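Asks: build me a structure from this.
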Amino acid sequence: MDLITLDDYKAFAGISSPNQDTLLTPIVNFVNQFVTNYLGYTTNYVVMLESENVIILPSSQTVVALGVEELVDGLLTNSVNITNFYQVGFKLFLPATLNGRATVTLLAPSDINYAVKEACNLLVKHYSKEEYKSQIQSGAEQIQVADVKALPIHIKTILDLYRES
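Replies: Reported below is the predicted structural model:
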């Protein structure tokens, strides 16, 4: 899911030249995928059902469609669309007990929060400026970074406010 675009980041960073596009495009794509996963956003969710009538969802996004391939004698058959389900938060209640593979289609968030976009822009800056290194030169001083694999705390704090799970 595209939370930000290359143009969004370039506007954030004040970049007008296309010279850095080849460097920035993969970073923007990575950040979009990382933050989408971190926040729990998804458009499709597949789960195996074994005599169940409730599906626990990975997020509280609205379910727009539900398809089930029934399990008969160990084989998936009879693909059917279920329409009379209802959703309460993270739970999807089915009309009957089902066996098989359920494919849940979720509605993508229609508007991305400004704070999430800001966190994405900061994360692109973090990677493009190589702020993840164990030592950063700031003027005449060398600054030690505690954990180079961790998200910077100011970005993590923003994302945790909007994280689903």
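
Asks: find the nearest non-adjacent residue to residue 48, please.
Replies: residue 101 (5.7 Å; Cβ to Cβ, 6 or more residues apart in numbering). Just so you know, the C-beta spots here come from the backbone N, C-alpha and C atoms, and that holds for glycine as well.

Asks: check which helix or strand covers that neighbour.
Replies: Residue 101 is part of strand 91-106, with elements assigned from DSSP states H and E.

Asks: what's next to that strand, contact-wise?
Replies: Defining contact as Cβ atoms under 8 Å, 6 or more residues apart in numbering, one finds that strand 91-106 is touched by 42-57, 59, 61-71, 76, 82, 84-87.

Asks: in strands, which of those residues appear?
Replies: Among those, the members falling in strands (DSSP state E) are 44-56, 63-71, 76, 82, 86-87.

Asks: pretty sure residue 85 sits against residue 66.
Replies: Yes. Using Cβ atoms under 8 Å, residue 85 is in contact with residue 66, at 5.6 Å.

Asks: more neighbours: which of the two?
Replies: Each of residue 85 and residue 66 has its neighbours counted (other Cβ atoms under 10 Å); residue 66 has more, 21 against 17.

Asks: so what pairs up with the more buried one in the strands?
Replies: residue 82, residue 104 (DSSP bridges).

Asks: using CSV, write out every CA atom in the strand holding residue 101.
Replies: Output of strand 91-106 as CSV, limited to C-alpha atoms (Å, rounded to 0.1, in the frame of the first residue of the first chain):
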residue,chain,number,x,y,z
LYS,A,91,-13.9,-10.5,14.7
LEU,A,92,-15.7,-11.7,11.7
PHE,A,93,-18.8,-13.8,12.5
LEU,A,94,-19.9,-16.4,9.9
PRO,A,95,-23.4,-17.6,9.3
ALA,A,96,-22.5,-21.3,9.8
THR,A,97,-19.6,-23.4,10.9
LEU,A,98,-17.2,-23.8,8.0
ASN,A,99,-14.2,-26.0,7.1
GLY,A,100,-11.7,-24.9,4.4
ARG,A,101,-9.7,-22.0,3.3
ALA,A,102,-11.2,-18.5,3.7
THR,A,103,-10.0,-15.5,1.8
VAL,A,104,-11.0,-12.3,3.4
THR,A,105,-10.8,-9.1,1.4
LEU,A,106,-10.4,-6.0,3.5
